[in-house]
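quick check, what structure comes out for this input:
(one chain, ligands or ions: 1)
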Amino acid sequence: MDEHIVILTGAGVSAASGLSTFRGAGGIWRDHDVMQLATPEGFAADPDLVYAFYNERRANLSRVRPNPAHHAIVRLQVDFPGRVTLITQNVDDLHERGGSPDVIHMHGSLLQGLCNACAARMHWTGHMDGQSACPSCGVQGKIRPDVVWFGEVPYHMDRIAEAFETVTTFISIGTSGEVYPAAGFLTEALRRGAQTLEFNLEPSARSAEFHKSTLGPAEDIVPGFVDQLLS
Ligand code: OAD
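This is a model prediction of the structure:
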């Protein structure tokens, strides 16, 4: 059977770059209300608050760089003799800036806007607010950050389902495994008979179910794993 590695990354892969995770010590949802900032209802209730939160996170991207975990994943994507699929829950662009040739952003991207008037998606690097006009249809006040909020369906689920049909190794890096549907990928990989590996700073909700869980900072442990796999 042809080897097919499916990688799922979460906020932990970008932690060493200086981007906060969501849960645990220093996590964004520790002192920000997820219902206000990451739901369609929160956006409808107070759009200015939501715009400000994503504007700050978007602006912060220019102050951070990919770390050795991102670079190691690139090496795997480029040099592994089988197929490698990279799925991320992260809305940052550090996989791309690290050199990843293909990234499935299942939770969208901070660097994209979505027009609620014409459904166009567009690259968006600057400030966004209730007066922003859609570059596609010109309508003002209908642009939102193109990130998937709780209660919305993640993107690219067709591509992801297709990837799991042939998965032989599933690798989870830096994710708490608490948010579905990504949290269910482990079950799907096990059902398909894949080898399952986890790399996380500390035990996650599902650590015991992986064939192997390696604890430590992704930026330290993933490069060595990739070197070993490719050697
Ligand atoms: P979480 O904040 O839930 O989990 C981050 C995980 O990374 C934790 O298990 C940490 O132990 C681990 N971690 C922290 N630093 C690390 C490091 N240097 N190396 C390795 N692991 C480290 O983040 P996610 O699992 O990505 O969704 O969260 C999933 C989704 O919940 C996010 O995409 C976001 C959030 O709400 C939406 O906004 C829709």
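
so which bits of the strand or helix carrying Q77 are buried?
When elements are defined using DSSP states H and E, Q77 is found to belong to helix 68-79. Under the neighbour-count criterion of 16 or more other C-beta atoms under 10 Å, helix 68-79 has 68-77 buried. Where you see a C-beta, it was placed from the backbone N, CA and C, and this is true even at glycine.

what's downstream of the longest strand belonging to the chain, the next helix or strand?
Of all the elements of type strand in the chain, the one with the most residues (DSSP state E) is strand 108-115. Toward the C-terminus, strand 108-115 is succeeded by strand 121-123 as the next helix or strand (DSSP H and E).

beyond that following strand, next helix or strand please.
Once strand 121-123 ends, the next helix or strand along the chain (criterion: DSSP H and E) is strand 143-147.

okay, the helix-or-strand element of the chain with minimal mean pLDDT in PDB with CA atoms only?
Across the helices and strands of the chain, the lowest-confidence element by mean pLDDT, DSSP states H and E is helix 28-31, at a mean of 92. Taking Å, rounded to 0.1, in the frame of the first residue of the first chain, the C-alpha atoms of helix 28-31 are listed here in PDB:
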ATOM      1  CA  ILE A  28      -6.800  33.200  24.300                       C
ATOM      2  CA  TRP A  29     -10.000  31.700  25.600                       C
ATOM      3  CA  ARG A  30      -8.800  32.100  29.200                       C
ATOM      4  CA  ASP A  31      -9.400  35.800  29.100                       C
END
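
what residues does this protein have near the ligand?
10-12, 15-16, 21-24, 27, 38, 89, 107, 148, 174-176, 178-179, 200-202, 204, 217-219 (C-beta under 6 Å from any ligand atom).

in helices, which of those residues appear?
With helices taken from DSSP state H, the overlap with those comprises 12, 15, 218-219.

now a ChimeraX select for only the buried ones of those.
Taking 16+ other C-beta under 10 Å as the burial criterion, the selection of buried members of these in ChimeraX is written as:
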select :12,15,218,219
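
quick check, nearest of the ones in helices among the residues of the chain next to the ligand to V153?
Of all these, G12 has the smallest distance to V153: 24.0 Å, by C-beta to C-beta.

contacting residues around the nearest residue to that closest one once chain neighbours are set aside?
Ranked by C-beta to C-beta, 6 or more residues apart in numbering and with sequence neighbours excluded, the top spatial neighbour of G12 is G174, at 2.3 Å. Contact criterion C-beta atoms under 8 Å, 6 or more residues apart in numbering gives 9-15, 21, 69, 199-201, 218 as the residues in contact with G174.
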